[in-house]
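Visitor: sequence first, then the predicted structure:
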Amino acid sequence: MKKKFGIREVVAIGIGTALFVVLTQAQIPLVIVPNTYLAPRMAVLAFLSAVFGPIVGAVIGVLGHALGDALFYGSVWWSWVFPEAIVGIGIGLFAKKFAVREGGFDGKNVALFNLIQILANAIAWIVLAPVLDIVVYAEPATKVFGQGAFAFLGNIVIIGILGSILLAAYSKIAGKSSGLKKED
Amino acid sequence: MTRMISYEAKDTFIHRLSGFSKLVFFILWCTASAITYDTRILLAMVIAGGVIFALSKTRWNQVKTVFKAVMFFMILNLLCIYLFAPDQGTKIYGTRTLLTHTGNHYDLTAEQLFYEFNVCIKYFTVIPSIFIFLVTTNPSELAASMNGVGIPYTVAYSVSIALRYIPDVQGDYQRIKNAQQARGIEMSKKASLPDRIKRTASIIFPLLFSTMDRIDVVSNAMELRGFGKKKKRSWYMKRPLKAGDYIVIIISAALVLFTILMNIRNGGRFYNPFN
């Protein structure tokens, strides 16, 4: 990765968004609170952010959420679209440190990854999404904070379990091919 | 799955508009719908949206299943608002006109009913604009026209790739799901929550890794063809903005301006019939 925004990033945003959109249909409803889900697509967002960095993560989150909801549910809830960017940026900022492609995603990085994702999700779903709901849609505070809290729990669980496993597994595979050395 | 909305080529006034002006219309329309709770504006938008939808000659079959899904989520949301905050209407409109008299916290008020009616028609303002945008916009043309108005072509290309690859990834998803089903993994809705998570993981692993391969393949192919080397590129699908496009963009901007002015004139975002 010499350039900050090269061809790989352009393609990663495009195909990553497509993947995020398609996984909209794999959501598992949390029955207790309406319109909240255990969303495997969040694990994929976390994965792609950790591999490709904050810009790719933020764009996939926003574009993917808006497109996915429009294509599958026919309505876009904007106040829940933009917080996705926080999750993408938060995790993406540490992409270099995770060094997923270089095979560096091990014990210490798993802990760091989870710490970051919990923080980013807290800001996104407990603070930003409900506040936007109240400001933009004038929805009742009790309802949106309830939904936000459940979205937060659902997301940290799915990213914590599925996201961590995906990253660790990919890091193992991708890291293996680095046996070649560059000749001066 | 046929549940998804997709582009269909037709020859109507709306199909001939540039993708960019439809994107601007879509975003500004949603903005206007989000910033106002003025029932009169919302109702006018519902009617206008319906008319434009009819003009686009979209077949009902194309959007039927998605429309049903929206209705389901809308009703859930409306019930949920009532459950969590039966007094939201009173809080907003300042009066309390009881319609039922059980003396209970959950007594239905006219204000609550009116507030939820507004939330409900808000859905109906946004739905047609989404359907129109998705059904009448050609992805390649959208990228070309976005670049045409000064958005960097790398960004335009990302959007184009996203729209272009959704059907491919969707196909992969279906194939992997069928393969896992053939191996005996329970895919129905009957399974318990941990089982459902496990089976979802059994789809996501191969899907994500094949996607990572695809990103490599596509970006290598683009690099070999010299993508990103020059500052400009030409587009096969390029169409210059025409008079109709400028009219659509001006009307959408005027709508947002009008709703903002109405908000100021009303002294708030709500139209209050109770005073």
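Guide: Yep, that arrived. Numbers count the residues shown, from 1 in each chain, chains lettered A, B, ... in the order given.

Visitor: nearest residue to the residue of the stretch 1-150 of chain B found nearest chain A in space, please, no chain neighbours.
Guide: Residue nearest to chain A within the stretch 1-150 of chain B: B:Ala85 (3.1 Å; Cβ to the nearest Cβ). To be clear about C-beta, it is placed using only N, CA and C from the backbone, and glycine gets the same treatment. Spatially, and ignoring its direct neighbours in sequence, B:Ala85 is nearest to A:Pro140 (3.1 Å; Cβ to Cβ, 6 or more residues apart in numbering or on different chains).

Visitor: returning to what we had before: tell me the contacts of the residue of the stretch 1-150 of chain B closest to chain A?
Guide: Neighbour list for B:Ala85: A:Pro140, A:Ala141, A:Thr142, A:Lys143, B:Lys91 [criterion: Cβ atoms under 8 Å, 6 or more residues apart in numbering or on different chains].

Visitor: now do the contacts for the last one.
Guide: I take that to be B:Lys91. Here B:Lys91 is in contact with B:Ala85 (Cβ under 8 Å, 6+ apart).

Visitor: buried residues of the helix or strand that it is a member of, list them for me.
Guide: Here B:Lys91, judged by DSSP states H and E, is contained in helix B:88-93. Buried residues in helix B:88-93, counted by 16 or more other Cβ atoms under 10 Å in any protein chain shown: B:Gln88, B:Gly89, B:Thr90, B:Ile92, B:Tyr93.

Visitor: next one, pLDDT for the third one please.
Guide: Model confidence at B:Thr90, expressed as pLDDT, equals 87.

Visitor: and the helices in chain A, which stretches?
Guide: All helices of chain A, identified by DSSP state H, fall at A:7-22, A:40-52, A:54-73, A:78-81, A:83-92, A:95-98, A:107-121, A:129-137, A:141-158, A:164-176.

Visitor: spatially nearest residue to the residue in chain A that chain B sits nearest to (excluding sequence neighbours)?
Guide: Here chain A gets closest to chain B at one residue, A:Gly14, 2.5 Å apart by Cβ to the nearest Cβ. Spatial nearest neighbour of A:Gly14, chain neighbours left out: B:Ile161 (2.5 Å); criterion: Cβ to Cβ, 6+ apart.

Visitor: ok, B:Ser56 - contacts?
Guide: B:Lys10, B:Thr12, B:Ile14, B:His15, B:Ile132, B:Val135, B:Thr136.

Visitor: swap in A:Thr24?
Guide: A:Arg41, A:Gly68, A:Asp69, A:Leu71, A:Phe72, A:Tyr73.

Visitor: just the residues you listed now: which is nearest B:Ala32?
Guide: A:Asp69 (19.0 Å; Cβ to Cβ).

Visitor: next, count neighbours for that closest one.
Guide: Residues contacting A:Asp69 under the criterion other Cβ atoms under 10 Å in any protein chain shown number 21.

Visitor: I figured it hits A:Glu84, correct?
Guide: No: at 10.8 Å, A:Asp69 does not count as touching A:Glu84 under the criterion of Cβ atoms under 8 Å.

Visitor: show me how far stretch B:211-229 is from its chain's centre.
Guide: 29 Å (Cα atoms, centre = their mean, to the nearest Å).

Visitor: so is that stretch next to chain A?
Guide: Yes: judged by Cβ under 8 Å from any Cβ of the partner chain, stretch B:211-229 comes into contact with chain A at B:Thr211, B:Met212, B:Arg214, B:Ile215, B:Val218, B:Ser219, B:Met222, B:Glu223, B:Phe227, B:Gly228.

Visitor: go ahead and measure how far stretch B:182-197 is from the middle of the chain.
Guide: Distance, centroid of stretch B:182-197 to centroid of chain: 30 Å (Cα atoms, centre = their mean).

Visitor: which is the next helix or strand following the helix holding B:Lys91?
Guide: Following helix B:88-93 in sequence, per DSSP H and E, is helix B:110-136.

Visitor: ok, and for that following helix, which residues are buried?
Guide: B:110-112, B:114-116, B:118-119, B:121-136.

Visitor: same for that helix, what does it pack against?
Guide: helix A:54-73, helix B:13-16, helix B:19-35, helix B:39-55, helix B:60-84, helix B:88-93 (3 or more Cβ pairs under 8 Å, 6 or more residues apart in numbering or on different chains; DSSP states H and E).

Visitor: that helix to helix B:60-84, inter-axis angle?
Guide: 150 degrees (axes from the mean of the first three to the mean of the last three Cα atoms, to 10 degrees).

Visitor: go through the next helix or strand after helix B:110-136 and flag the buried ones.
Guide: Using DSSP H and E, the helix or strand that follows helix B:110-136 in sequence is helix B:139-148. The neighbour-count check on helix B:139-148 (16+ other Cβ under 10 Å) flags B:Pro139, B:Ser140, B:Glu141, B:Leu142, B:Ala143, B:Ala144, B:Ser145, B:Met146, B:Asn147, B:Gly148 as buried.

Visitor: pull the number of nearby residues for residue 155.
Guide: With no chain named, the answer covers chain A. 27.

Visitor: was after chain B, sorry
Guide: So B:Val155, with other Cβ under 10 Å, has 16 neighbours.

Visitor: that one: what's it in contact with?
Guide: B:Val155 touches B:Met146, counting by Cβ under 8 Å, 6+ apart.

Visitor: please name the nearest non-neighbouring residue to B:Val66.
Guide: A:Gly74 (4.2 Å).

Visitor: follow-up on the earlier one: what's the farthest-apart pair in the contacts of B:Ser56?
Guide: Longest span within the contacts of B:Ser56, Cβ to Cβ: B:Lys10 and B:Ile132, 11.8 Å.
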